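Asks: Task: produce atomic coordinates for the following.
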Amino acid sequence: MERIILRDLVGDKLEEDFLEFDFTEIQLVLSKLKIEDPIDLSHAEMLQQQALRGADIVSEYLGKIVKTTGYLETKVNSTKNRISLEYQATDGSRTTSEMKKCAGESSPEVEKIQIELSKAKGSKVLLEKKYDILIRSHHHYKDIAGGLRKGMINCITNVSEKCPEGY
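Replies: Got it, this is the predicted structure:
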């Protein structure tokens, strides 16, 4: 079996191209879960497994987006500090700390990184919501499967009662 290390899952780049995460399989799972109702035990278990598979994919993306968000937050702060330290008043007058702070916060370079950080944070929220939906769906189908299993056991143990059709 091929050795898989955490770096293979989380990635070793500081900033992931999170807007390129492939959501095809996740959306396929979500669309199936939206329209399908379990008709028997094996179908409920299959839907349960599909929801868990989707959650597994999303959890890998969540790890990458958390890493990227942390990196971008650090990059915003360090860029802001660097620009503030390097700022000199253009008219040759005395440069105040307030002027330096303002230069760091209003820099186009900082703004560009903050926009990317906002995209990452928005993507993280979306991933968390998708993950939550998938985990809740998994538990929903698990409960249904448990109820169907219990019904089958009751049917087998109580021979005097007429079993529902299909068992």
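Asks: hmm, who's touching stretch 101-117?
Replies: Here stretch 101-117 makes contact (CB atoms under 8 Å, 6 or more residues apart in numbering) with 69, 72, 73, 75, 76, 79, 80, 81, 82, 83, 84, 87. The way it works is simple: take the backbone N, C-alpha and C, and place the C-beta from them, glycine included.
Asks: Ignoring the adjacent residues along the chain, who's closest to the third one?
Replies: It stands for residue 73. Computed as CB to CB, 6 or more residues apart in numbering, the closest residue to residue 73 that is not its neighbour in sequence is residue 117, at 6.3 Å.
Asks: Now for that neighbour, how many residues are close by?
Replies: 17 (other CB atoms under 10 Å).
Asks: quick one: pLDDT of it?
Replies: Residue 117 carries a pLDDT value of 96.
Asks: before we move on, what about residue 133?
Replies: Residue 133 carries a pLDDT value of 95.
Asks: quick one: which helix or strand includes it?
Replies: helix 108-157 (DSSP states H and E).
Asks: ok, the residue positioned nearest the centre of the chain - contacts?
Replies: Centroid-nearest residue in the chain: residue 127, 2.8 Å away (criterion: CA atoms, centre = their mean). Contacts for residue 127 (CB under 8 Å, 6+ apart) come out as 58, 61, 62, 65.
Asks: pLDDT, secondary structure and distance to residue 19 for the residues you listed - can I get that in JSON lines?
Replies: Formatted as JSON lines, those follow (pLDDT from 0 to 100; DSSP: H, G, I helix; E, B strand; the rest coil; distance: CB to CB, whole Å):
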{"residue": "58", "pLDDT": "95", "secondary structure": "helix", "distance to residue 19": "15"}
{"residue": "61", "pLDDT": "94", "secondary structure": "helix", "distance to residue 19": "11"}
{"residue": "62", "pLDDT": "95", "secondary structure": "helix", "distance to residue 19": "15"}
{"residue": "65", "pLDDT": "95", "secondary structure": "helix", "distance to residue 19": "10"}
